[in-house]
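A.B. asks: Predicted model and sequence below, questions to follow.
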Amino acid sequence: GLSAAALTAARSHGAVPTLNHLIRSGHAVHEWSCGLPSDTLAVQTGMFWGAASPVPSFNWWDRRLQRRRRAASAVGVAAFERTLEANVKHGLLRGGACHGAAIGGGAYGGTLLPPTGKRSWFSMLRESLQATTSLATEAVRSLQHQSLATSSDSPTINVSACAPTTRLSRFSHAIARGVTGASRASASVIAAGVRRDMTAGLPVVFANFVEFDLLAHLTGPRSSASMAALRAIDHTVGVLTTAAHASAQPYRVVVLSDHGIATATPASSAFAPDPRTWVANEWARRSRSRSTPHLVVLASGTVLQAWVRGAPNRLDCQTLTAYAPGFVDAIARHPAIALTMLMDRSIDGVPTSYVLLSHQGGVRVAHTHTTPDGTRERPRFELREHWGVSPFEALRLRDGAQELLYAFAARHDVGDITCIAHALASEVGCGLDGEFWSFEAQFGAHGGIGGSQARPFVLTLPDDSPTPDERASAASMHLWLERLAPPR
């Protein structure tokens, strides 16, 4: 959850001494693009398998099963990975271990990750128990570090001029304290598992630490709790780096984040009803008849998507307008929504063009699926029409971000309507670049694009640095990581 911009701010305030030491000793920091959706499961799928994200957002509607699904479902993730194992065959972590990740990457062992055909529930439990047992030898050191990380003199970035307008409740602080305890415990188990695997000489080992991400959602990415979590993770990185250098088998150490997280204000605090409820109500209000199917509206951080219940395929703009005249235009004008995406036209169920709308304008983009000789290739997009104020200006998008949006709009499993949250204000002066509305009750959010959500970092030795093309997406990063990994 730590963006490249947030890393720069944390370094300047002394919150990551281990990473600062690595950079001073010769490591290079690069910003990269994780693509859309900027969510952990989607990005790790691309990094580990070189494949497209299996899900369009953290919460989504499965058209085939006609039910709501979540990226956090262990059963669902296991099913996704079994499909990847059958089709892609070789994950990045084959022959190695994976700890605490959203998906296993083809690893045969690890802790705190969903089982697949290669990893049974029993083996996952056994690995976790073994790591917990080996952790006992580090108990005193771990307790000492936790005391330091949570003390009153923990580093805090002063961002009072840019702080969210909504205050945290006592309930949120209580949850944050519980998350901190659980995350520190899981991080200790993960670190112990990684050290054991390096001692055993496994060819590749991956560890994922989630405490900063979880606390940033609850309290904001620049809160004192989030900064304490970041310092704790930084300490663990130092322990593991030292262990890697002392290992009998030499290891390349790569430190990276899978996405960023933007400062956010819950839209429910400013709008009544909240945008998710409002979209559902607006559909019902504008529907032509009582027989119009219901709309399923789901929020995932800075992304809001809507599916027409019962529809087996994605519906185009004309069909939505026929169901509920004026609905699409009303959605595009909502003050919390910066960008609205939907399919414009299709031929035999295959999308051929898309519309992206802002408050004061829009673009129409054509989508080509094949090369001239008829073979399938990477989709290409061509701007066909542009009117009013470009939606890209509303999101302050960087170069290349348009292609990410086009590719996301072309997915078959996204909602019939996809909305990206509006930025509240520029925060360049704070070292970050945007505070956004969140469609969930979060003070730090991601999932969409704009600001630093889709701009994570990677830190590695200069000779191992990825090229700009390899930093273009999670699937591109997979090729670079495969190049660094030992033969297996």
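C.D. replies: Arrived safely.

A.B. asks: among the helices and strands of this structure, which one scores worst on average pLDDT?
C.D. replies: Within the chain, no helix or strand scores below helix 139-149, which has a mean of 35 by mean pLDDT, DSSP states H and E.

A.B. asks: following that one, which helix or strand shows up next?
C.D. replies: Using DSSP states H and E, the helix or strand that follows helix 139-149 towards the C-terminus is helix 170-200.

A.B. asks: What strands flank the helix or strand following that next one, and is each parallel or antiparallel?
C.D. replies: Remark: after helix 170-200, the chain's next helix or strand is strand 205-207, criterion DSSP H and E. Sheet pairing of strand 205-207 (DSSP bridges) gives strand 97-99 (parallel).

A.B. asks: helices and strands around the very next helix or strand once past the strand it pairs with, which ones?
C.D. replies: Of the helices and strands lying after strand 97-99 in sequence (DSSP H and E), the nearest is strand 109-111. In terms of contacts (3 or more Cβ pairs under 8 Å, 6 or more residues apart in numbering; DSSP states H and E), strand 109-111 is packed against strand 97-99, helix 121-135, helix 170-200. For glycine as for every other residue, the C-beta is placed from the backbone atoms N, C-alpha and C.

A.B. asks: tell me, which of the ones you listed is the model least confident about?
C.D. replies: Least confident of the helices and strands packed on strand 109-111, judged by mean pLDDT, is helix 121-135 with a mean of 43.

A.B. asks: Give me the average confidence score over stretch 311-321.
C.D. replies: Here stretch 311-321 scores 94 as its mean pLDDT.

A.B. asks: Mind exporting the C-alpha coordinates of it to PDB?
C.D. replies: C-alpha atoms of stretch 311-321 as PDB (Å, rounded to 0.1, in the frame of the first residue of the first chain):
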ATOM      1  CA  ALA A 311     -28.000  -9.900 -17.300                       C
ATOM      2  CA  PRO A 312     -25.700 -12.600 -18.500                       C
ATOM      3  CA  ASN A 313     -23.500 -10.200 -20.400                       C
ATOM      4  CA  ARG A 314     -22.400  -6.600 -20.100                       C
ATOM      5  CA  LEU A 315     -25.000  -4.100 -21.200                       C
ATOM      6  CA  ASP A 316     -24.300  -1.100 -23.500                       C
ATOM      7  CA  CYS A 317     -25.200   2.600 -23.000                       C
ATOM      8  CA  GLN A 318     -28.300   2.400 -25.200                       C
ATOM      9  CA  THR A 319     -29.700  -0.500 -23.300                       C
ATOM     10  CA  LEU A 320     -29.100   1.200 -19.900                       C
ATOM     11  CA  THR A 321     -30.800   4.400 -21.300                       C
END
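
A.B. asks: what's the distance between it and the middle of its chain?
C.D. replies: Distance, stretch centre to chain centre, for stretch 311-321: 27 Å (Cα atoms, centre = their mean, to the nearest Å).

A.B. asks: can you pull the buried residues of that stretch?
C.D. replies: Within stretch 311-321, the residues scored as buried using 16 or more other Cβ atoms under 10 Å are 314-317, 320.

A.B. asks: Looking at these, spot the one nearest I103.
C.D. replies: R314 (25.1 Å; Cβ to Cβ).

A.B. asks: surely the closest one meets D416?
C.D. replies: Yes. If you go by Cβ atoms under 8 Å, R314 and D416 touch, sitting 5.9 Å apart.

A.B. asks: Could you tell me which residues touch both of the two?
C.D. replies: Each of M343 lies in contact with both R314 and D416 under the rule Cβ atoms under 8 Å, 6 or more residues apart in numbering.

A.B. asks: For the stretch 351-488 of the chain, which segments count as helices?
C.D. replies: Ranges of helices within the stretch 351-488 of the chain are 391-394, 401-409, 474-484, based on DSSP state H, counting those that start in this stretch.

A.B. asks: how close does C34 get to G104?
C.D. replies: Counting by Cβ to Cβ, to the nearest Å, the gap from C34 to G104 is 19 Å.

A.B. asks: tell me the secondary structure for the residue located most distally from the centre of the chain?
C.D. replies: Going by Cα atoms, centre = their mean, the residue of the chain most distant from its centre is S289, 38.6 Å out. Recorded secondary structure, S289: coil (DSSP: H, G, I helix; E, B strand; the rest coil).

A.B. asks: can you tell me which residues contact the nearest residue to P312 once chain neighbours are set aside?
C.D. replies: Spatial nearest neighbour of P312, excluding adjacent residues (Cβ to Cβ, 6 or more residues apart in numbering): R63 at 6.0 Å. For R63, the contact set (Cβ under 8 Å, 6+ apart) comprises 307, 311-314, 413.
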